[in-house]
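Asker: fold the following and give me the result.
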Amino acid sequence: FVLTNGKSNDFFSKIVSLRHPKNAVHTASGILGALQDADISKICKEIDENGFAIMDAKLTDQMVNDITKFAETTPVRYLEFDKKLITYSEEEVIFDENKRISPRYQFKMEQILENQTIQDLCFDDSLRAIANNYLNAVPIVDIITMWWSVPYGKEAEDKAAQMFHFDMERFKFLKFFFYISDVDTNTGPHCYVRKSHKGLPKSINKDRRITDEEIAANYPAEDILELCGKKGSIIAVDTRGMHKGKSLTEGKRLLFQIQFSNSLFGDTTPVAENVKLTESNQKKKEAHSRS
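Answerer: Just a heads-up that it's a prediction; the model follows:
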């Protein structure tokens, strides 16, 4: 990916699209509303142009409250930032913002799929329709994750994904971020460099963390964005582009994420096992050939 500045991924994505051509989806209803062809195309065009799109629709207050309550009462692993590699604790704790032991607390996929609201979002037809169109292939629900972030100082920035970087788990992928708490400039907004998913300047086309200063030297200030939003906000992002989660200086942030991919080639991601699906979601899973 680095050697070709992304062209290798574009090439293999075309092959995937030939083998698994996107479904002919003209309408879809779900959390994003009742989408028509034109709506789906408009959203995907914006992602293709800028690397992200902020959805007009939001999660309902009931959905936000349900997910928040779940996250406040479910034991969670924490990032062991003092270790050489990025690892999470074997120990699970109840998140307490007043007893910070890590900058990031991440739930297991099996845990969060126990929550009905989250499970329904993973099978949401409107999200899948956007992914289907943007990836130009039948999408696969690949990574489902949720984590708390809290202020913790400079030493934790790198491993907590709070420095600029690009993701490269698959050939092509699209993430949906759901802000479960209010997010402003002080509480860890997702930061994105507009259009950087199309290719990177040579000086930062590196498989490493990139500093704010390096980003500022290569892009105009108006393209280095903080994507703030109220709780319930939904953002679709191609994180092949340069991005980071800004370090928190106050409060806490709860974020839920679904990733759709065009192929499972690449990084080894744990598979959620023994997940009990609702009857309606089981039917959707069976209906989607690559679920």
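
Asker: other residues contacting the helix or strand containing Lys42?
Answerer: Following DSSP states H and E, one finds Lys42 within helix 37-50. Taking contacts as CB atoms under 8 Å, 6 or more residues apart in numbering, the residues outside helix 37-50 that touch it are 25-28, 32-33, 52-53, 55, 129-130, 133-134, 174, 194-195, 236-238. Any C-beta I mention is one placed from the backbone N, CA and C, and that applies to glycine too.

Asker: mind checking which of those are buried?
Answerer: Neighbour-count burial (16 or more other CB atoms under 10 Å) applied to those gives 25, 28, 32, 52-53, 55, 129-130, 133-134, 174, 194, 236-238.

Asker: and which of the residues you listed is nearest to Glu222?
Answerer: The closest of the buried ones among the contacts of helix 37-50 to Glu222 turns out to be Arg194 (CB to CB; 8.0 Å).

Asker: and the pLDDT at the closest one?
Answerer: We have a pLDDT of 98 for Arg194.

Asker: show the contacting residues for it.
Answerer: Arg194 neighbours (CB under 8 Å, 6+ apart): Asn50, Gly51, Phe52, Tyr219, Asp223, Ile224, Leu225, Gly241.

Asker: cutoff 6 Å now
Answerer: Asn50, Asp223 (CB atoms under 6 Å, 6 or more residues apart in numbering).

Asker: same check on the one 10 residues further on?
Answerer: Under the criterion of CB under 6 Å, 6+ apart, the neighbours of Ile204 are Ile210, Glu214, Asn218.

Asker: what do you get for Phe177?
Answerer: Counting by CB under 6 Å, 6+ apart, Phe177 has contacts His190, Ile235, Gln257.

Asker: do that again at 7 Å, thanks
Answerer: The contact partners of Phe177, by CB atoms under 7 Å, 6 or more residues apart in numbering, come to His190, Ile235, Val237, Leu255, Gln257.

Asker: secondary structure class for the closest residue to Ile180 other than its chain neighbours?
Answerer: The shortest distance from Ile180 to any non-neighbouring residue, by CB to CB, 6 or more residues apart in numbering, is to Leu254 (4.0 Å). Classification of Leu254 using DSSP: H, G, I helix; E, B strand; the rest coil returns strand.
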